[in-house]
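Novice: coords please:
(2 chains)
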Amino acid sequence: MSAASITTIPSTLRQINSVWLGGLVAVVLQIFLATPVLAAGEYRSVVVADPYLELRTGPGRGYPIFHVVDRGEKVDVLKQRTEWYRVRTDKGMEGWVERAQMELTLQPDGSRVSFKKLKLEDFTTAKWEAGLLAGDFGGANVISVYGAYSLTPNVSVEIWGSQILGNFSNGWMGSVNIVHEAFPEWRVSPFFTLGAGVIHTKPKSTIVQAADRSDQVGHVGAGVRVYATRRFLLRAEYKSYVVFTSRDENEEVEEWKVGFAFFF
Amino acid sequence: MESRFRVLFLVVAIVSLPGCAATKNLFGYGQEEAPPPAAEPPGQVIDPVVVRREIKEPAIDREDFEIGGFVGLMSVEDFGSGVVYGARLAYHITEGFFVEATVGQTDAGLTSFEVLSGGARLITDSERRYTYYNLNLGYNILPGEVFIGESRAYNTNLYLVAGLGSTRFAGDDRFTVNVGVGYRFLLTDAIALHLDFRDHLFDIDLLGEEKTVHNLEGTLGVTVFF
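Specialist: From the prediction side, this is the model:
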């Protein structure tokens, strides 16, 4: 063994160590990010059919175009963020392309690619919806979140969670609703709703001689869903609640709320 | 009267029946079908051979959600300032709009009155824990790029957020409005650094009269798109 060969061994070991370390970091990153890293062949490939495809540096309209892919060239679609697609050319160049341009590409077999744009029909037919509303619940502030599932375009079921924050008491309310829309295809779609739930009221700490209580509630209501753009909609509603208290008479509470939601 | 019409219709039907396409072969008369042409008409030069490949297209990975944590400083009006930490989940609806849910927690200190008076305490120590959640709508108002050196470019966004939520402080839940501005620096397409300034406003009557307090918060955070 010559002296030179001895000196090469530690450096090789160091390389192996760094490879191990790199591998470990990559594995940890993969677990942490929880995004499956696909092999090159597993991405969707499309062929440019328009005279050119513009690659931008970021997923937004203002970002500069830094590369142009010519007609007939193939690109891999790596991922999508909102209405933008990250693509990679055969030469390894990566950039963001807007949906409208992706519509003008072809599949390898020559058929058209559909990069779906959300429209008014999706507003009518979408299965899932989630939203955030806020307003007034019998003089108190109310913040609500809801999730909805459409059984048919006309009928959907919703689960609501609300926090009520008033001057004298705070509380939580959970309810299940059935919503009926008579004209789901309209951009401004009125609806009628019916539901039941539980309300928990907790008097403020400055109020003396009051105890927490839980009561059942039932409600009827009406409102509108307004399609704004893409997957966005606005919603306003009125609900009339009856709180079935343990006292002699039931309480009636009126609620007004406005907010936004999105469907998917 | 009626039977005469019926007879008339019957006669019309019998006369027209042999002319119908469906019945002409039933009765054995009517024109013979033209035989198919024996050969392709001349002039067909190109014989198209189209081989269709069956391809199952892989789904495109969507990355519209952003999750992460943050740490920073928060000033609770009248109660000093402390370290705040929390978590954030955002969903990007369009390139401009996103919705965001945040939760955070800090521990408020003593008011000047409590320090000067010696022993008197306005609230207990456990009531000094300040916990909040917010549901916000955000808008990327100034998207852009920054350059570090000659060969590195990073995407950034300056965004505005506003929303509603609740704060648990001094023994009660309080309806809270928050507004703020943030700066998102994308290290890669999937990992972002955040610098955020928020103002959390709510009404409180702890010190006698009711007033609106501003609780200012400045944080640094990391998020991951998925």
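
Novice: CA only for contacts and neighbour counts going forward, please
Specialist: Fine.

Novice: which parts of chain B sit against chain A?
Specialist: Contacts of chain B with chain A, taken as CA under 8 Å from any CA of the partner chain, map to B:52-55, B:57-64, B:92-95, B:135, B:143-145, B:155, B:164-165, B:171-175, B:224, B:226.

Novice: Show me the helices in the chain, by range?
Specialist: Went with chain A since none was named. A:3-33, A:99-102, A:120-125 (DSSP state H).

Novice: if you could check chain B rather than the one you did, that'd help
Specialist: B:2-16, B:112-117.

Novice: could I have the shortest one exported to CSV, CA atoms only?
Specialist: Okay, so that is helix B:112-117. Written as CSV, here are the backbone C-alpha positions of helix B:112-117 (Å, rounded to 0.1, in the frame of the first residue of the first chain):
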residue,chain,number,x,y,z
SER,B,112,-48.2,48.9,35.9
PHE,B,113,-50.8,49.1,38.6
GLU,B,114,-50.1,45.6,39.8
VAL,B,115,-46.3,46.3,39.8
LEU,B,116,-46.6,49.6,41.7
SER,B,117,-49.2,48.4,44.3
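
Novice: And the contacts of it?
Specialist: Helix B:112-117 is contacted by residues B:78-79, B:120-122 when judged by CA atoms under 8 Å, 6 or more residues apart in numbering or on different chains.

Novice: rerun at 10 Å
Specialist: B:78-80, B:109-110, B:120-123 (CA atoms under 10 Å, 6 or more residues apart in numbering or on different chains).

Novice: mean pLDDT lowest for which of the helices of chain B?
Specialist: Of all the helices of chain B, mean pLDDT reaches its minimum on helix B:2-16 (a mean of 67).

Novice: Scan chain B for its longest strand.
Specialist: strand B:129-148 (DSSP state E).

Novice: How far does that one sit from its chain's centre?
Specialist: Taking CA atoms, centre = their mean, to the nearest Å, one finds strand B:129-148 lying 14 Å from the centre of the chain it belongs to.

Novice: which helices and strands does it pack with?
Specialist: On a contact count with 3 or more CA pairs under 10 Å, 6 or more residues apart in numbering or on different chains; DSSP states H and E, strand B:129-148 meets strand A:128-137, strand A:140-150, strand B:81-92, strand B:97-107, strand B:152-169, strand B:172-186.

Novice: That strand - what's its average pLDDT?
Specialist: Here the average pLDDT along strand B:129-148 is 92.

Novice: Adjacent strands (with direction) for that strand?
Specialist: strand B:97-107 (antiparallel), strand B:152-169 (antiparallel) (DSSP bridges).

Novice: Show the contacting residues for residue 63.
Specialist: Unless you meant another one, I'm taking chain A. Residue A:63 is in contact with A:55-57, A:96, B:143-145, B:155, counting by CA under 10 Å, 6+ apart.

Novice: if you could check chain B rather than the one you did, that'd help
Specialist: Applying CA under 10 Å, 6+ apart to residue B:63 gives the contacts A:35, A:79-82, B:91-92, B:189-190, B:224-226.

Novice: So which of these are in strands?
Specialist: A:79-81, B:91-92, B:224-225.

Novice: and these as TSV, adding pLDDT and neighbour count?
Specialist: Output for these, formatted as TSV (pLDDT from 0 to 100; neighbours: other CA atoms under 10 Å in any protein chain shown):
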residue	pLDDT	neighbour count
A:79	88	17
A:80	88	20
A:81	89	23
B:91	91	20
B:92	91	19
B:224	95	20
B:225	92	22
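
Novice: Return the closest of these with respect to residue B:200.
Specialist: Ranked by distance to residue B:200 (CA to CA), these are led by residue B:91 at 21.6 Å.

Novice: Any stretches of chain B with poor pLDDT?
Specialist: B:1-3, B:11-44, B:50-58 (pLDDT under 70).

Novice: Just give me the residue right at the centre of it.
Specialist: residue B:93 (3.4 Å; CA atoms, centre = their mean).

Novice: Quick check on that one: phi, psi?
Specialist: phi -80, psi -50 (degrees, to the nearest 10).

Novice: and the stretch 101-250 of chain A, which of its residues are near chain B?
Specialist: Counting by CA under 10 Å from any CA of the partner chain, the residues of the stretch 101-250 of chain A close to chain B are A:107-111, A:131-134, A:140-145, A:163-167, A:169-171, A:202-206, A:229-232.

Novice: Nearest residue to residue B:103 in space, please, no chain neighbours.
Specialist: Nearest non-adjacent residue to residue B:103, counting by CA to CA, 6 or more residues apart in numbering or on different chains: residue B:133, 4.3 Å away.

Novice: And that neighbour, how far from residue B:200?
Specialist: Residue B:133 sits 10 Å away from residue B:200, taking CA to CA, to the nearest Å as the criterion.

Novice: So which of these two has more stuff around it?
Specialist: residue B:200 (25 against 19; other CA atoms under 10 Å in any protein chain shown).

Novice: Contacts only, for the closest residue to the more buried one other than its chain neighbours.
Specialist: In space, and not counting its chain neighbours, residue B:200 is closest to residue B:178: 4.4 Å by CA to CA, 6+ apart. When contacts are counted by CA under 10 Å, 6+ apart, residue B:178 touches B:134-136, B:161-166, B:198-202, B:214-216.

Novice: can you tell me which two in the ones in strands among the contacts of residue B:63 are farthest apart?
Specialist: Checking the ones in strands among the contacts of residue B:63 with CA to CA, the most distant pair is A:79 and B:91, at 15.9 Å.

Novice: re earlier: can you put the strands paired with strand B:129-148 in CSV and add mean neighbour count?
Specialist: Listed next are the strands paired with strand B:129-148 as CSV, based on neighbours: other CA atoms under 10 Å in any protein chain shown:
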stretch, mean neighbour count
strand B:97-107, 20
strand B:152-169, 20
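
Novice: Which one, of those, ends up nearest to residue A:260?
Specialist: Closest of the strands paired with strand B:129-148 to residue A:260 is strand B:97-107, at 9.9 Å (criterion: CA to CA).

Novice: Tell me what angle the closest one forms with strand B:81-92.
Specialist: Compare the direction of strand B:97-107 with that of strand B:81-92 by axes from the mean of the first three to the mean of the last three CA atoms, to 10 degrees and you get 160 degrees.

Novice: Outline the domain layout of chain B.
Specialist: Here the domain parsing of chain B from automatic domain parsing is B:1-33, B:65-225.

Novice: for those domains, which one ends up most surrounded?
Specialist: Comparing the domains of chain B by mean neighbour count (mean count of other CA atoms under 10 Å in any protein chain shown), domain B:65-225 comes out on top with a mean of 18.

Novice: quick one: residue A:236 and residue A:192 touch, right?
Specialist: No: assessed by CA atoms under 10 Å, residue A:236 is found out of contact with residue A:192, at 11.7 Å.
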